[in-house]
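**Student:** what follows is a predicted protein model with its sequence.
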Amino acid sequence: MAHETFSRRGVVVGALGLAAPGGALAAGGKPKVVISTNHGKITVELEDRRAPLTSANFLRYVDAAAYDGGSFFRAARPPGHPTEGQIVGAANPKNHPFPGIAHEPTTQTGLRHLTGTLSLGRFEPGSATSNFFICASPEPYLDAHPGAPGDNLGYAAFGQVISGMAVVRKILASPTSAKSKFAEQKGEWLNPPIPIFSMRRLG
């Protein structure tokens, strides 16, 4: 069941990033990335053919080790549904972001926000940099919905968890603070944040 509690300011873009160019997409199969945290590892597979701009952007940060020392800082759990929602990750704040990228909506890619979907955070279209989130449950309201209020473009899904959903759920269930940077995210910021030790391509 979808919940509207994950707002359009749902993923804080913030002062994150780096200044080094990223590598090219891996030839052959879909690129895979291992996210190492103090709760375990999450392996994601990127849809680099269906969402090429978003996948390449994510890999640019991964290849520059920009997520090393970053964190999962938010667990967006709808009231009354503690096992549903998203966990939100950010790059190391010591770095500066690459420029924002063009938005790849789900109406263009054919992807959907399902359990385990990896997606890119944004404010307005074209503002997305390094913040990302992982869905712990189906979240269809995050897809593009032409004709709906707002900009209607949703978020840019670009990958899927293929191993480590238990880690995603453990992070989602971690303690949160009553305080947050944004009023609409009150009670959702993890306290303490879950550190990202490293993010590396697999293979």
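**Tutor:** Yep, it's here.
**Student:** which of the helices or strands spans Ser55?
**Tutor:** helix 52-63 (DSSP states H and E).
**Student:** got the contact list for the lowest-mean-pLDDT helix or strand in the chain?
**Tutor:** Of all helical and strand segments in the chain, the minimum by mean pLDDT, DSSP states H and E falls on strand 176-177, at a mean of 92. Strand 176-177 is touched from outside by Ala75, Arg77, Gly187, Glu188, Trp189, Leu190, Asn191, with contacts defined as Cβ atoms under 8 Å, 6 or more residues apart in numbering. Where you see a C-beta, it was placed from the backbone N, CA and C, and this is true even at glycine.
**Student:** just the buried positions in the helix or strand following it, please.
**Tutor:** Scanning forward in sequence from strand 176-177 by DSSP H and E, the next helix or strand is strand 189-201. Residues Trp189, Leu190, Pro193, Ile194, Ile196, Met199 are the ones in strand 189-201 that count as buried (16 or more other Cβ atoms under 10 Å).
**Student:** and of the residues you listed, the nearest to Val33?
**Tutor:** Distance to Val33, by Cβ to Cβ, is smallest for Met199 among those, at 5.7 Å.
**Student:** where's the residue lying closest to the closest one once chain neighbours are set aside relative to Ser119, distance?
**Tutor:** Nearest non-adjacent residue to Met199, counting by Cβ to Cβ, 6 or more residues apart in numbering: Tyr67, 4.1 Å away. As for Tyr67, its distance to Ser119 is 15 Å (criterion: Cβ to Cβ, to the nearest Å).
**Student:** by contact count, what packs against the helix or strand encompassing Val167?
**Tutor:** If you go by DSSP H and E, Val167 is part of helix 165-172. Counting contacts by 3 or more Cβ pairs under 8 Å, 6 or more residues apart in numbering; DSSP states H and E, helix 165-172 packs against strand 40-46, strand 71-76, strand 86-90.
**Student:** and the first one with strand 71-76, angle?
**Tutor:** With axes from the mean of the first three to the mean of the last three Cα atoms, to 10 degrees as the basis, strand 40-46 and strand 71-76 are set at 80 degrees to each other.
**Student:** having no further points to raise, I will conclude here.
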